[in-house]
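> here is a sequence together with a model predicted from it:
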Amino acid sequence: NAGVTQTPKFQVLKTGQSMTLQCAQDMNHEYMSWYRQDPGMGLRLIHYSVGAGITDQGEVPNGYNVSRSTTEDFPLRLLSAAPSQTSVYFCASSHSGRAFGEQYFGPGTRLTVT
Amino acid sequence: SQKIEQNSEALNIQEGKTATLTCNYTNYSPAYLQWYRQDPGRGPVFLLLIRENEKEKRKERLKVTFDTTLKQSLFHITASQPADSATYLCALDPSSRGGADGLTFGKGTHLIIQP
């Protein structure tokens, strides 16, 4: 199993551009989440999904959209990138029967917005 | 507001000794507490989960305690090795309280095991 995969690994955007961060898992996990990690701060939840077709907002959802059309994929869309969205983004999945049980994280996408 | 604190400074431990990391929280009543390891440039890796009604959990050289009265968890690595050097994150999970607030992560403690 590849586990949780994320693409791209690195991305530079100009302010106002849009893009999609890809996330896929091959473990048949029901729950998936997106976090951002900034220096000096803990991981913060952006959006999460408890199953295909069901998504909800986390702590810091503004400026991001998600969808979950399949169990495997959970893309994160930046609608109009801003410098404040410069961060490292992690996708995670969980199988423990709770949305926020032990998380399996992907390798991350490092995003810079100029 | 909810707050979770971990040692913000790096923790230097000599190889072979026990490393003890602290996670304190306020204004929170977690049902579960989790510990993760994160290496530079990598995603966090799950290590241990402890429930609010458990006092202690062990896994190989790792031990976690959870004191809901003190609002504190301690994470111990015995017989520490240079390969244990990493940042360790604690995360609070309110799941049994209902809703979906998500995990609240601490900023992490950077552990350095010196040969």
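Received the coordinates, thanks.
> right, and A:S49 touches A:V66 too?
Yes - under the criterion of C-beta atoms under 8 Å, A:S49 is in contact with A:V66, at a separation of 6.9 Å. No exception for glycine: its C-beta is placed from N, CA and C like everyone else's.
> overlap in contacts of the two?
Common neighbours of A:S49 and A:V66 are listed as A:55, A:74 (criterion: C-beta atoms under 8 Å, 6 or more residues apart in numbering or on different chains).
> for stretch A:105-114, what is the average pLDDT?
Averaged across stretch A:105-114, the pLDDT comes to 98.
> tell me the buried residues in that stretch?
Residues of stretch A:105-114 classed as buried: A:105-111, A:113 (neighbour count, 16 or more other C-beta atoms under 10 Å in any protein chain shown).
> secondary structure class for B:A83?
For B:A83, the assignment made with DSSP: H, G, I helix; E, B strand; the rest coil gives helix.
> which residue is the nearest non-sequential neighbour of it?
B:I113 (7.7 Å; C-beta to C-beta, 6 or more residues apart in numbering or on different chains).
> what does the pLDDT read for that neighbour?
B:I113 is assigned a predicted lDDT (pLDDT) of 97.
> then B:Q34?
In this prediction, B:Q34 carries a pLDDT score of 94.
> so it touches B:A91, yeah?
Yes - applying C-beta under 8 Å as the test, B:Q34 and B:A91 come out as touching, 4.5 Å apart.
> find residues that contact each of the two.
Shared contacts of B:Q34 and B:A91, defined by C-beta under 8 Å, 6+ apart, comprise B:L103.
> interface residues of chain B facing chain A?
Chain B comes close to chain A at residues B:4, B:32, B:34, B:36, B:41-46, B:49, B:89, B:91, B:93, B:95, B:100, B:102-108, as judged by C-beta under 8 Å from any C-beta of the partner chain.
> dump the residue contacts of the closest residue to B:G41 other than its chain neighbours.
Among residues not flanking B:G41 along the chain, A:G108 sits closest, at 7.6 Å (C-beta to C-beta, 6+ apart). The neighbourhood of A:G108, defined by C-beta under 8 Å, 6+ apart, consists of A:6, A:9, A:37, A:88-90, B:41-43.
> any quick PyMOL command for the buried ones out of those residues?
Buried members of these, identified by 16+ other C-beta under 10 Å, are gathered into one PyMOL selection as follows:
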select buried, (chain A and resi 6+37+88+89+90) or (chain B and resi 43)
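> which members of the contacts of A:G108 occur in helices, if any?
When these are checked against helices (DSSP state H), there are no matches.
> which two among the contacts of A:G108 are spaced furthest apart?
Farthest pair in the contacts of A:G108 (C-beta to C-beta) is A:K9 and A:Q37. Separation: 14.6 Å.
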